[in-house]
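Engineer: pasted the sequence and its predicted model underneath.
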Amino acid sequence: MDKLTLFGLLIAGAGIIGGQWLEGGSVAVLVQGAAFLIVFGGTLGAVLVQNPQKVFIAGIKMARWAFITPKADLNSLSYQLTAWSSVARKEGVLFLEAQVRGVKDPFVAKGLQLLVDGNSAEKIREVLEVDINTWQDLRWQGARVWESAAGYSPTIGILGAVLGLVQVMQNLGDPTKLGAGIAVAFIATIYGVGLANLVFLPIAGKLKMIIMQELVLREMAVDGFIMIANGENPRFIENKLKGYIS
C-alpha cells in the first residue's frame, strides 16, 4: 500500500474542508449530488468517447497502482541475471531450462526461454523490444486516460455552473429556489477543478512514474540476457547491471 497516496489525498481533503470551516462556512454545503453527477457523468462520458475500450479498461485497472505500487525489484533481478550468467558460462545455457518455470515475471521468463533456445543476442533483443514497445504503448495510453479526465473535468464543472445559473434565472420569482441553483453553480466548478488537480492529474503522474520504473526493469533484463548470450564475464555483467540501480 502506497501510504503517500493516501496521506496526500487526506491532506488535500482536510485542507479544503478545514479552510471552508475556518472561513465560517458549512461543510455540508460542499456536498451537492447534482453537481457531482454533472461533473462525474460528463467527464466519464467524454473520456469514453475519446478512448477505445481496451485503453479505457487498461487505464481503470492501472489506477490501483497509485495505491498498490508494483514493486520493480532491480536488485533481485540483477542478482538473478548474474547467477544465470555464471551457470551459462560454466555449464551452458541449456542448464538454465529448469529455471524458466520458476520465474514469475512473464517478460523475464520469455527472455530466459529465448536464451535457452539458443537464439542470438540480436534476435533476443529484437523479440523483447517488440514486447517492451507493446507493453509501453498500452500503459502510456492508459495513463493518458486520467490526463484526459483532468482536461475535461474543469470544463464540465463550468458547464455545471452554467446549468445552475440557468436554474437561478428560471426561478427569479421564487427566492426559495435560488439558493439551490447558486449552490450547484459554484460547487460544480469546485468539483471539476478539484477532481482534475487533486485526483486525476496526480494519478496520471504517478502512473507515468511507475511505467518508467517498470521500463528500467525490462531494459535491465534485455541487457542482461544479451550479455549472457554473448558470453560476457559474470563479474562484468554484475558491474554493468549495477548501473541501473540508483
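Structural biologist: Yep, it's here.

Engineer: look through the chain and tell me its longest helix.
Structural biologist: Secondary structure of the chain per DSSP state H: the longest helix is helix 121-170.

Engineer: just how off-centre is that helix within its chain?
Structural biologist: Remark: helix 121-170 is offset 10 Å from the chain centroid, using Cα atoms, centre = their mean, to the nearest Å.

Engineer: could you give the angle of whatever helix or strand comes next after that helix to helix 121-170?
Structural biologist: Downstream of helix 121-170, the first helix or strand assigned by DSSP states H and E is helix 178-195. Using axes from the mean of the first three to the mean of the last three Cα atoms, to 10 degrees, one finds that helix 178-195 and helix 121-170 are set 170 degrees apart in direction.

Engineer: how far off helix 121-170 does whichever helix or strand comes after helix 178-195 point, in degrees?
Structural biologist: Going down the chain from helix 178-195, the next helix or strand is helix 201-229, by DSSP H and E. Between helix 201-229 and helix 121-170, the angle comes out at 180 degrees (the same axes, to 10 degrees).

Engineer: got the contact list for the helix or strand following helix 201-229?
Structural biologist: Counting by DSSP H and E, the next helix or strand C-terminal to helix 201-229 is helix 234-242. With Cβ atoms under 8 Å, 6 or more residues apart in numbering as the contact definition, helix 234-242 has outside contacts at 77-78, 81-82, 85-86, 89, 220, 223-224, 227-228. Any C-beta I mention is one placed from the backbone N, CA and C, and that applies to glycine too.

Engineer: what residues sit buried inside helix 234-242?
Structural biologist: For helix 234-242, the neighbour count (16 or more other Cβ atoms under 10 Å) marks 234, 237-238, 240-241 as buried.

Engineer: please produce JSON lines containing those residues, extended by distance to Ala28 and pLDDT.
Structural biologist: Listed next are those as JSON lines, based on distance: Cβ to Cβ, whole Å; pLDDT from 0 to 100:
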{"residue": "Pro234", "distance to Ala28": "66", "pLDDT": "93"}
{"residue": "Ile237", "distance to Ala28": "63", "pLDDT": "94"}
{"residue": "Glu238", "distance to Ala28": "61", "pLDDT": "93"}
{"residue": "Lys240", "distance to Ala28": "60", "pLDDT": "94"}
{"residue": "Leu241", "distance to Ala28": "57", "pLDDT": "94"}
